[in-house]
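In: Provide a 3D model corresponding to the input given below.
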Amino acid sequence: MHEKAENAAQLDPAVPTFSVLLSSTPRGARLARLLADGQLRSWGLPSDPARHLVAELAANAASHGRVSGRDFRLTLYVTGGVLRIEVTDTRGERLPELQRPAPGDESGRGLWLVDALADRWGVTEGLFPRKTVWAEVRLARPEPVSSGSGAAGALPQGT
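Out: Just a heads-up that it's a prediction; the model follows:
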């Protein structure tokens, strides 16, 4: 899935947004996961499956999207009940594709994980040489709290 549109975080300053530039290294990818986990907790959101998505997208940016001396950007924001995770790198000529790995392959399953965990995902081509790989997760609505009226165990009505 490819997009050529600006994201909501850039359009609406009222949307809570977290964005950080990280080194395109395995250490930067690990830090992306840790920072995302902390940010999600600070927003009162569950870490899973978002931290797994961040881990995979950041690892891909650090390995497949790596250009020496250039960083990748992690951006998180929530709008309309959806958490959007974006990882932008500077290898715009290398767009990710969901390909089935051979049974003996030791890698190549990361996008399958993203595909399984995300409600939607895709790639937005940016100003060359950038691309953004994104994943969206619908946030669960909180269960309504019962007021007790009419519920089992409610106080009996007068006689």
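In: which residues touch the nearest residue to Leu98 once chain neighbours are set aside?
Out: Nearest non-adjacent residue to Leu98, counting by Cβ to Cβ, 6 or more residues apart in numbering: Leu111, 4.9 Å away. Where you see a C-beta, it was placed from the backbone N, CA and C, and this is true even at glycine. Leu111 is in contact with Glu56, Asn60, Pro96, Glu97, Leu98, Gln99, counting by Cβ atoms under 8 Å, 6 or more residues apart in numbering.
In: now stretch 15-26, how far from the centre of its chain.
Out: Chain-centre distance of stretch 15-26: 11 Å, with Cα atoms, centre = their mean, to the nearest Å.
In: so which bits of it are buried?
Out: Thr17, Phe18, Val20, Leu22, Ser23, Ser24 (16 or more other Cβ atoms under 10 Å).
In: what segments of this structure are strands?
Out: 2-3, 17-23, 71-79, 82-89, 120-125, 131-138 (DSSP state E).
In: adding mean pLDDT and distance to Gln39, write those out as a markdown table.
Out: A markdown table is the format used below for the strands of the chain (pLDDT from 0 to 100; distance: least, Cβ to Cβ, whole Å):
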| stretch | mean pLDDT | distance to Gln39 |
| --- | --- | --- |
| strand 2-3 | 42 | 23 |
| strand 17-23 | 96 | 4 |
| strand 71-79 | 96 | 6 |
| strand 82-89 | 97 | 10 |
| strand 120-125 | 96 | 19 |
| strand 131-138 | 97 | 14 |
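In: of those strands, which is nearest Ala32?
Out: The minimum distance between Ala32 and the strands of the chain falls on strand 71-79, with 4.7 Å, by Cβ to Cβ.
In: other SSEs contacting that closest one?
Out: helix 8-11, strand 17-23, helix 26-42, helix 50-63, strand 82-89 (3 or more Cβ pairs under 8 Å, 6 or more residues apart in numbering; DSSP states H and E).
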